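1. return atomic coordinates for the entry below.
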Amino acid sequence: MISRHRLLITDRFDAQALAHLQAHPRLDVKVSATPLPTTDELLGTQALLIRSRTKITTELLAQAPDLQVIITSTSGFDHIDLQATTARKIDVMFTPDANSASAAELTWALVLACARRLPEAGRAIKAGDWARERLIGHELEGKTYGIIGLGRIGRKVARFAQAFGMTVLAYDPYCEDAHFQQAGATRSGLDELLRQADVVSLHVPLTPETRPLLHAAHLTLMSPHAILVNTSRGQAIDENALIEALQDRRLGAVGLDVFAREPLTRSSQLLAFPHVVLSPHLGATTMAAFTKSSREAAEKAIAYLERKEIRDRLPGDAPWLTRGFQKTRD
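-> Now for the predicted structure:
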C-alpha cells in the first residue's frame, strides 16, 4: 500500500489548485470548516496550508504532533510564531511573489485617489455638488516619490512612479546598490527621503524593526502637502502619531489599506478626515493574486512532501528577516 501524506487546508483556496492536490495519489487532502482548525483536524496532519486568518501559535502546534511543514498563501507572515515553529523544527514557507502586482497596483490607486481627491469628488457629485474649485488636486509629473522598502512590491511601485515622470528615492538598508539601479531609484536615508518626497509609500514586512518604523518625529519631517500611503502593515506607522499629524493638517493626504487594529473600528478617528482614503486590507484581494498564491502553495506542498524541497523559507536568510527574527529571540 502507498503511504499517503495528510494535508490540511484551513482557508479559502483556488478550486483548480485544490483539485490538483486532491488528484495526487500520495496526498490525503482535508479542508477545515473554519480558519481555526480543530484538534481532530490537526491530529495526524503533516502539511498545513493557511492564510493570515489562521494564527500559528504554540497552542495550535501542540495539537499537531505530526506537523512537518506550514505553507502560508500570503506574502506577510506576522500570523506565524516563527520562534515556536523553529523550536518544533517545523519548516515554514510563504508565497512572496504571488500578490506583488496586486499590492503595487493598489498602492498606486491610493496615490491617485489622494492626489486627485477622488473619494471627496465622488461624495460631492452624488450629493449634487459640482463645486470643482474645492477639489483642486495635485499633479504627479515632475514630483518626487519616496519608497520605503525596495522589495518586490517597492520595485514595481518605482516603475509606476517613473512612468508618471517622477523622480524616485528609496530607503532600504538591506538592498544592494544593484537593486536600486535596476529599480531606477536613488538610495536615500529615511529622514532625507521624508523631507524631499512629495509622495511616500511603505512596503515593509512586520518585524521588530518595523513595529513601528515611522514615529511622530518622522512625520514632522514631511511636507504639509505630502501624500503618505501604507499598503504593508498598519503597525509600521505609529497610528496615534499619524492621527495627530492629520488633526494638525501636517499632511496633504493619506491612503491606508492597513491599520494597527483590523478590522478598523467604527470609533476610529481615521474615519473623520476627508483627506484620508481608506480600503479594508485589499492589497492581495484580486482573483489573480488569489489564484497565484493558491497554486504556488500547492506546488510547494507537493515538492516538500515528495522531495523535502523548500523555497521561500521562513525565517529565511534575508538580512532584514534574520536580524528581525534574532531580535525576537534575544
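2. leaving out chain neighbours, which residue sits closest to residue 189?
-> Residue nearest to residue 189 in three dimensions, not counting chain neighbours: residue 171, with 6.6 Å by CB to CB, 6 or more residues apart in numbering. The C-beta positions use only the backbone N, C-alpha and C, and glycine is treated the same way.
3. would you mind confirming that that neighbour is in contact with residue 145?
-> No. With contact defined as CB atoms under 8 Å, residue 171 does not reach residue 145; the gap is 11.9 Å.
4. surely residue 250 is within a helix?
-> No. Judged by DSSP: H, G, I helix; E, B strand; the rest coil, residue 250 forms no part of a helix; its state is coil.
5. pLDDT value on it, please?
-> Each residue has a pLDDT score; the one for residue 250 is 97.
6. is residue 229 bridged to anything, and to what?
-> Note on residue 229: beta-bridge partners by DSSP bridges are residue 201, residue 255.
7. tell me, how many residues neighbour it?
-> Burial of residue 229, expressed as a neighbour count using other CB atoms under 10 Å, amounts to 25.
8. the one 3 residues further on now?
-> Applying other CB under 10 Å, we find 28 residues neighbouring residue 232.
9. check the spacing between it and residue 91 real quick.
-> For residue 232, the distance to residue 91 equals 25 Å [CB to CB, to the nearest Å].
10. show me where pLDDT drops low in the chain?
-> For the chain, the stretches with pLDDT under 70 are 1-2, 318-330.
11. domains in it, by residue range?
-> When the chain is parsed into structural domains using automatic domain parsing, the resulting residue ranges are 5-98+287-329, 100-278.
12. how far off centre is the first one?
-> With CA atoms, centre = their mean, to the nearest Å as the basis, domain 5-98+287-329 stands 17 Å off its chain's centre.
13. from now on call the first residue 48
-> Sure, I'll start numbering at 48, so the last one becomes domain 52-145+334-376.
14. next helix or strand past the longest helix seen in the chain?
-> Scanning the chain for the longest helix, with DSSP state H as the assignment, gives helix 334-354. As assigned by DSSP states H and E, the chain's next helix or strand after helix 334-354 is strand 360-361.
15. can you list the strands that that next one pairs with?
-> Taking DSSP bridges as the criterion, strand 360-361 pairs within the sheet with strand 138-141 (antiparallel).
16. mind listing the helices in the stretch 48-197 of the chain by residue range?
-> Chain-ordered helices for the stretch 48-197 of the chain, with DSSP state H, counting those that start in this stretch as the definition, fall at 62-69, 86-89, 105-109, 129-134, 147-162, 165-173.
17. with respect to burial, which of those helices scores highest?
-> Ranked by average neighbour count under the criterion mean count of other CB atoms under 10 Å, the helices of the stretch 48-197 of the chain are headed by helix 147-162 at a mean of 22.
18. which residues are in contact with it?
-> The list of residues contacting helix 147-162 from outside it, by CB atoms under 8 Å, 6 or more residues apart in numbering, reads 122, 165-166, 184-187, 199-200, 203-204, 207, 246, 248, 250, 274, 276, 278, 299-304, 322, 324, 326, 329-333, 335-336.
19. can you flag the buried ones in those residues?
-> Buried subset of those (neighbour count, 16 or more other CB atoms under 10 Å): 122, 165-166, 185, 187, 199-200, 203-204, 207, 246, 248, 250, 274, 276, 278, 299-304, 322, 324, 326, 330-331, 333, 336.
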